[in-house]
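Trainee: when you get a sec, could you give me coordinates for this:
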Amino acid sequence: MLQGKCINANASTNLKVGEIYYLFPHGGLAYEVSRFPHVGSHFGAYQKSQFELVVAAKPLSTPAVNKYLARVVKPPSHFYRVSEEYVITEPSENGYYSVFFKHRPDGPPIGAYKNAAYFERVEPFRASEAVVVNDIPEIVQKTAETVDDMPAMVNAPIKNQKYEQLTLF
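Mentor: Take a look at the predicted model:
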């Protein structure tokens, strides 16, 4: 990911001379231009000659988020039960903290809440405590049972029925 200053806007209404944009290579002679550091948010492809490279931006890395083992004190919804344990994060800059299943702390969050009264922090969460649960059901091979292998039914009523094959035609 590169950053560049627009030096020539030509007839473009999207570009402004002197403004810094994020640039992503697009072929040999063009850049995909974006106001955000994500290639999917580009607003067009422009010639390289319209930009002067300013700084090679470092890829954005998400900082390690502190996680805590927490116990439900006041359930925020009917999904939670009092005294169940979950993994929560520290509140982000917008004030919300994420909630994860205890057995899947690296999975997707199951909720995000702003009210800190819902959960009580028990202790800092360490990844080694996580119990890995395989979501794929275990395949168990069953052996075919024959009539001779089945136990005999005692005191079961016996019906002597004669079956015949159904013919449709």
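Trainee: which residue is nearest the middle of this protein?
Mentor: Pro108 (3.9 Å; CA atoms, centre = their mean).
Trainee: element containing that residue, please.
Mentor: In this structure, Pro108 sits in neither a helix nor a strand according to DSSP states H and E.
Trainee: equivalent analysis for the one 4 residues further on, please.
Mentor: For Ala112, the enclosing helix or strand under DSSP H and E is strand 111-113.
Trainee: list the contacts of the least confident helix or strand in the chain by mean pLDDT.
Mentor: The weakest-scoring helix or strand in the chain, judged by mean pLDDT, DSSP states H and E, is strand 51-55 (a mean of 83). Under the contact criterion CB atoms under 8 Å, 6 or more residues apart in numbering, strand 51-55 has outside partners 2-7, 20-21, 23, 31, 33. All C-beta spots, glycine's among them, are computed from the backbone N, C-alpha and C.
Trainee: Val87 and Asn66 touch, don't they?
Mentor: No: counting by CB atoms under 8 Å, Val87 does not reach Asn66; the two are 10.8 Å apart.
Trainee: show me which of the two is the more surrounded one.
Mentor: Val87 (24 against 10; other CB atoms under 10 Å).
Trainee: low pLDDT regions in the chain?
Mentor: 55-64, 128-159, 161, 163, 169 (pLDDT under 70).
Trainee: switch the cut-off to 50
Mentor: 57, 129-130, 132 (pLDDT under 50).
Trainee: for Ser77, what are its contacts?
Mentor: Going by CB under 8 Å, 6+ apart, Ser77 touches Gly111.
Trainee: how about it, secondary structure?
Mentor: Under DSSP: H, G, I helix; E, B strand; the rest coil, Ser77 falls in the coil class.
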